[in-house]
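Asks: the following block contains a protein sequence and its predicted model.
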Amino acid sequence: YTLSLHDALPISQTDYLTRTERTTVNKSFTASGKLEVALTRGWEQHPVLSQRDTGKSTLEDQLPALIRLLEIDKAEADWAQQEEERRSEIREERWKEVEKQAFARVAYERNAKRLLAELDSRDTAATMRAYADEIDERAASLAAPATQAARGWAEWIREHAERTDPLNGPLRLEEVTSCSHEELQPHMHGWSTHGPYLR
């Protein structure tokens, strides 16, 4: 707050003996209606409260009301700050909950895609093994050099099938602890991926 005190106009007096004029401060504290206290907030142009001395009430008599206003305003400001902190904590907790659920959905999508890829790889590996068996059967009816080449090819196919078969890899759910903002955002239900505020 800014407190402004506007005093009455100074008194000009003429000394009749020396014929000089001098200006003095009005030390007579009678109510003149010219003494005013204006209380303004730093960011506002108009005063929050303005009090002026009057014939019925001096400025000193009005000061308790001014002090009471300051006390009420401070209490309201403190309450508003506490309320904002409380709401901020609620927003933070809700955002963390939404983010956790979003990570769970991303993990579900990734595991579903992985399952389809593993099923394709498993079917491909089974097809490779069946083809290697067919090559072995065909190799039995071939001449000596071609038989050896065909069996070598069938062996390589079986080894490749073992390497690419998902049953020989890790068999567990994928847990997602980090991902891109773009992948997470569709699951945030309007919340930002960067912090506890709505987009």
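Replies: Sure thing, it's come through. All values derive from a computational prediction rather than experimental measurement.
Asks: in stretch 131-148, which residues are buried?
Replies: Along stretch 131-148, the positions that meet the burial threshold by neighbour count (16 or more other Cβ atoms under 10 Å) are Ala132, Ile135, Asp136, Ala139. C-betas here are computed from N, CA, C, even on glycine.
Asks: also stretch 51-67?
Replies: By 16+ other Cβ under 10 Å, the buried positions in stretch 51-67 come out as Gln51, Arg52, Asp53, Leu59, Gln62, Leu66.
Asks: identify the farthest-apart pair in those.
Replies: Taking Cβ to Cβ, the two most distant members of the buried residues of stretch 51-67 are Asp53 and Leu66; they sit 12.6 Å apart.
Asks: mean confidence for the helix of greatest length in the chain?
Replies: In the chain, with assignment by DSSP state H, the single longest helix is helix 59-139. Model confidence over helix 59-139 averages 92 on the pLDDT scale.
Asks: what's the pLDDT at Ala38?
Replies: For Ala38, the model assigns a pLDDT of 74.
Asks: is it in a helix, a strand, or coil?
Replies: Three-state call for Ala38 (DSSP: H, G, I helix; E, B strand; the rest coil): strand.
Asks: thought it was touching Ser50?
Replies: Yes: using Cβ atoms under 8 Å, Ala38 is in contact with Ser50, at 4.6 Å.
Asks: helices or strands next to the longest helix of the chain in the packing?
Replies: Secondary-structure packing of helix 59-139 (3 or more Cβ pairs under 8 Å, 6 or more residues apart in numbering; DSSP states H and E): strand 36-40, strand 49-52, helix 144-164, helix 181-184.
Asks: how big is the angle separating that helix from helix 144-164?
Replies: Our comparison of helix 59-139 with helix 144-164, counting by axes from the mean of the first three to the mean of the last three Cα atoms, to 10 degrees, yields an angle of 160 degrees.
Asks: farthest from the middle of the protein: give me that residue.
Replies: Among the C-alpha atoms of the chain, the one most distant from their mean position (Cα atoms, centre = their mean) is that of Leu17, at 78.3 Å.
Asks: pLDDT score for that one?
Replies: Per-residue confidence (pLDDT) for Leu17: 75.
Asks: now do it against Ala149, distance only.
Replies: Here the distance between Leu17 and Ala149 works out to 140 Å (Cβ to Cβ, to the nearest Å).
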